[in-house]
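**Q** Fold the following, please.
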Amino acid sequence: MHGSPHTVSDVMTHTVVAVGRDAPFKEIVDLMDQWKVSALPVLEGEGRVIGVVSEADLLPKEEFRDSDPDRFTQLQRLSDLAKAGGLRAEELMSTPAITVHANALLAEAARIMAQRKVKRLPVINDEGLLEGVVSRGDLLKVFLRSDDDIAEEVHMEILSCLFPTPIEPILVDVSNGVVTLTGRVRDTSLIPIAARLVRAVEGVVGIECNLVSGAAPAESR
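**A** From the prediction side, this is the model:
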């Protein structure tokens with residue numbers, strides 16, 4: 001897409017803080033506080049991601065600090081109870097790690113976050129090595145595109161291809177990410193396709209399609 005970041009590698013954070021499997025509990029907490037993050041990748045060897053330790057993985061230690069859970073709670077919260085006694089990253093982390101590849105589309109990363117209910121994903125290459133981290137905020141960067149940039153992409157890469165000879169020039173107006181298309185076209189079967197393609201342009205918030213069929217009104221004599 002024209003001037004548009006559309007893969008995870010375009011928006012991810014390349015500088016990443018991570019820990020090894022032997023990292024102690026307090027070091028993990030200190031790093032989260034220092035870097036203002038809610039989760040840390042756990043690495044092994046040359047940088048292979050083997051898990052993720054998050055705030056949710058650390059909280060059971062506080063939750064069960066002075067409690068004596070009944071049998072039912074023990075059965076329901078076995079994993080959390082185990083983490084409550086964890087001292088190192090390998091005992092605290094969630095594994096396998098939920099990751100995304102650097103060349104994945106932003107929509108794929110967004111779906112993984114929504115389905116797995118996580119706020120950030122380690123970004124890996126084809127060998128499973130850590131390349132960065134992508135967060136919900138990173139995925140929203142596409143909406144920082146200027147209206148002019150969006151309008152240019154819509155006109156040059158969509159409308160000029162679908163409607164190379166419109167009955168009259170198609171007007172593209174973009175305001176706060178909302179695209180409005182106005183004009184007359186010969187092939188109305190292409191209008192839904194145009195709307196779908198415009199909606200898929202990164203940075204587009206919504207679309208109002210006023211494309212219609214028919215010749216332009218004749219000039220009055």
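**Q** CA atoms for contacts and neighbours, from now on please.
**A** Noted.
**Q** so how many other residues sit close to the residue nearest to residue 190 when sequence neighbours are not counted?
**A** Counting by Cα to Cα, 6 or more residues apart in numbering, the nearest residue to residue 190 once its immediate chain neighbours are dropped is residue 162, at 7.0 Å. Neighbourhood size, residue 162 [other Cα atoms under 10 Å]: 16.
**Q** what do you get for residue 47?
**A** Residue 47: 18 neighbours (other Cα under 10 Å).
**Q** which residues does it contact?
**A** For residue 47, the contact set (Cα atoms under 8 Å, 6 or more residues apart in numbering) comprises 129-130.
**Q** how close does it sit to residue 203?
**A** Taking Cα to Cα, to the nearest Å as the measure, residue 47 falls 33 Å from residue 203.
**Q** Residue 152 now?
**A** Plainly put, residue 152 is 12 Å away from residue 203 if you go by Cα to Cα.
**Q** more neighbours, these two?
**A** Applying other Cα under 10 Å to residue 152 and residue 203 shows that residue 203 carries more neighbours, namely 22 against 15.
**Q** next structured bit after the helix-or-strand element of the chain with minimal mean pLDDT?
**A** Each helix and strand of the chain was given a mean pLDDT (mean pLDDT, DSSP states H and E); the minimum falls on helix 71-76 at a mean of 67. Counting by DSSP states H and E, the next helix or strand C-terminal to helix 71-76 is helix 78-84.
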